[in-house]
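Asks: Provide a 3D model corresponding to the input given below.
(one chain, ligands or ions: 2)
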Amino acid sequence: MSFFAYKGGEMHAEGVALAVIAAQVGTPFYCYSAGALRAGWQEFADAIKGMKASVAYAMKANSNLAVIRLFGEMGAGADIVSVGEMKRALAAGIPAQRIIYSGVGKKPSELMAALEAGVGQINVESSAELETLNAVAGQLGLKADITIRVNPDVDAKTHAKITTGRKENKFGIDIDLAREAFALAGRLPNLNVVGVAMHIGSQLTSLTPYRDAIVRVRELIGQLREDGHSIERFDIGGGLGIVYADEKPPSIAEFMAVVARETEGLGCELSFEPGRRLVGEAGVLVGEVILVKPGSAKTFVIVDAAMNDLIRPTLYEAWHDILPVRQPRPDAATIRCDIVGPICESGDFLAQNRDLPPLVAGDLVMVRSAGAYGAVMASSYNSRPLAPEVMVDGTRFAVTRPRPTVEDMISAERLPPWMEPKKA
Ligand SMILES: Cc1ncc(COP(=O)(O)O)c(C=O)c1O
Ligand SMILES: N[C@@H](CCCC[NH3+])C(=O)O
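Replies: Ligands and ions are numbered 1, 2, ... in the order given. Have a look, this model is predicted:
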């Protein structure tokens, strides 16, 4: 079922025309479909039925409060990478016990805040962090439940900037050094090692890297048990890909079948940290055409959504489908164009060399699969206010994060005292 579809010639998010939202909210804006979010969650929930497993939503993909709350209400935990995300997860109603704290560079103050809040599991990524966490837990007089994230050195066959499980990536402890790290953790009195974690990359469309990584970690778990560690949990991480163009990512059921097969008899409780897969296709970015500029090399369609709103095209050469919000006639001719924003950077594009039906000023366009790593990676470059976020649920919609005014942005700043205007 498609949650974004043309009805009566107009693109709808569920039962609401995007043009209606645009008229009320202005452009650009992000729009999330609650139905699509629920369907994405349900796919995971169905696939883990009967398994000893839990799912922590990797909220870095989309940390809109309403999105986190929707998942939390359905039983999700949260995978976080900062205390900021922890506060958001708690504010959205995720119980602390269901929070997993990952990340390569947690500060002592952040570890302290996480322990004080009662975060369920900390995924430690270095020996230095083991020592710091032990000291912090000691100060608080408690024992911290941890897993150690290992780097299994497999190629996730994804974009270089979003692969995380190779030796040359900063993430996790080199699997060849993992036994030493577990030995250290075992000696530290304020740590309780409960398991092993991995996360090999993002936007994976093949199951082979998962299989290879699990095989390597499974072997490690055997060695760790021989060393006397009790390994009860295996955190598989996230990374499952979505459709941007013509990718064929596996279904969650297919993914779980591989995981179940490769972890059979291991006796570990499993956890998963999906981000993109839960939110990516559930969100779109809508912008309005400002003007069309024909050139001798190509035509530029200049829209009011830009690289500050969605940085993926320029940062990862990511391809996002772009559709006119008003349905083109089936026989409409197309022109080759670049869809660009108004920002002063040649890298400010949403799409290049696309064949689209002719667009004119005032037309709305929808950028697909923008629910993950869209709004969360936005900036206010060129003093452009962050685009608002809207949630649609059936025939209802609500702005869940309004657009700040430029005046709010300016008044949040302070001039140094020596620059204050002279009092008369
Ligand atoms: C530790 C960890 N878990 C989960 C995720 C979520 O990744 P994805 O959005 O690709 O599922 C990430 C990001 O890649 C991550 O770094
Ligand atoms: N920001 C990346 C994904 C990063 C995954 C986080 N470890 C993207 O848009 O594809």
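
Asks: Doesn't residue 323 lie inside a strand?
Replies: Yes. Assessed by DSSP: H, G, I helix; E, B strand; the rest coil, residue 323 belongs to a strand.

Asks: That one and residue 374: what is the separation?
Replies: Distance, residue 323 to residue 374, by CB to CB, to the nearest Å: 16 Å. For every residue, glycine as well, the C-beta is placed using N, CA and C.

Asks: Please apply the same query to residue 103.
Replies: Using CB to CB, residue 103 is found at 21 Å from residue 374.

Asks: what do you get for residue 7?
Replies: Per CB to CB, residue 7 is found 24 Å from residue 374.

Asks: Check residue 332 too.
Replies: 28 Å.

Asks: Counting neighbours, go ahead and name the busier of those two.
Replies: residue 374 (26 against 11; other CB atoms under 10 Å).

Asks: Let me see the contact set for the more buried one.
Replies: Contact analysis of residue 374 by CB atoms under 8 Å, 6 or more residues apart in numbering lists 30, 62, 283, 285, 309-310, 312.

Asks: 7 Å instead, please
Replies: By CB atoms under 7 Å, 6 or more residues apart in numbering, the contact set of residue 374 is 30, 283, 285, 310.

Asks: What is the burial count for the first one?
Replies: By other CB under 10 Å, the residues close to residue 30 number 28.

Asks: So what's the residue count around residue 270?
Replies: With other CB under 10 Å as criterion, residue 270 counts 20.

Asks: before we move on, what about the one 3 residues further on?
Replies: Here the number of neighbours of residue 273 (other CB under 10 Å) works out to 24.

Asks: which one is the residue in the stretch 51-200 of the chain that ligand 2 sits nearest to nearest to, not counting chain neighbours?
Replies: The nearest approach of the stretch 51-200 of the chain to ligand 2 comes at residue 162, 4.5 Å away (CB to the nearest ligand atom). Nearest residue to residue 162, sequence neighbours excluded (CB to CB, 6 or more residues apart in numbering): residue 202, at 4.1 Å.

Asks: average pLDDT for the helix or strand where residue 146 lies?
Replies: If you go by DSSP states H and E, residue 146 is part of strand 144-151. Averaging pLDDT along strand 144-151 gives 95.

Asks: after that strand, next one along is what?
Replies: Using DSSP H and E, the helix or strand that follows strand 144-151 in sequence is strand 173-174.

Asks: Listing partners with orientation, what would you give for that next one?
Replies: When sheet partners are counted by DSSP bridges, strand 173-174 sits next to strand 144-151 (parallel).

Asks: Give me the pLDDT for the residue of the stretch 301-424 of the chain found nearest ligand 1.
Replies: Going by CB to the nearest ligand atom, ligand 1 is nearest to residue 372 of the stretch 301-424 of the chain, at 6.1 Å. Predicted confidence (pLDDT) for residue 372: 98.

Asks: cool, and residue 1?
Replies: At residue 1, pLDDT is 62.

Asks: do the same with residue 424
Replies: pLDDT, read off for residue 424, is 67.

Asks: where along the stretch 251-400 of the chain do the strands fall?
Replies: 269-272, 283-294, 299-303, 322-324, 335-340, 349-356, 364-367, 389-393, 396-401 (DSSP state E, counting those that start in this stretch).

Asks: what's the most buried one of those strands?
Replies: Among the strands of the stretch 251-400 of the chain, ranked by average contacts under mean count of other CB atoms under 10 Å, first place goes to strand 364-367 (a mean of 25).

Asks: Packing partners of it?
Replies: Here strand 364-367 touches helix 18-25, strand 283-294, strand 322-324, going by 3 or more CB pairs under 7 Å, 6 or more residues apart in numbering; DSSP states H and E.

Asks: Can I get the first one as PDB, trimmed to CA atoms?
Replies: Read it as helix 18-25. Provided in PDB are the C-alpha atoms of helix 18-25 (Å, rounded to 0.1, in the frame of the first residue of the first chain):
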ATOM      1  CA  LEU A  18      -0.200  18.000   0.000                       C
ATOM      2  CA  ALA A  19      -1.400  21.200  -1.600                       C
ATOM      3  CA  VAL A  20      -3.800  21.700   1.300                       C
ATOM      4  CA  ILE A  21      -0.900  21.400   3.800                       C
ATOM      5  CA  ALA A  22       1.200  23.700   1.700                       C
ATOM      6  CA  ALA A  23      -1.500  26.400   1.700                       C
ATOM      7  CA  GLN A  24      -1.700  26.200   5.500                       C
ATOM      8  CA  VAL A  25       2.000  25.700   6.400                       C
END
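
Asks: tell me the angle of that helix relative to strand 389-393?
Replies: Per axes from the mean of the first three to the mean of the last three CA atoms, to 10 degrees, the angle that helix 18-25 makes with strand 389-393 is 130 degrees.

Asks: Could you pull out the helices in the stretch 51-200 of the chain for me?
Replies: 65-73, 83-91, 108-117, 127-140, 178-187 (DSSP state H, counting those that start in this stretch).
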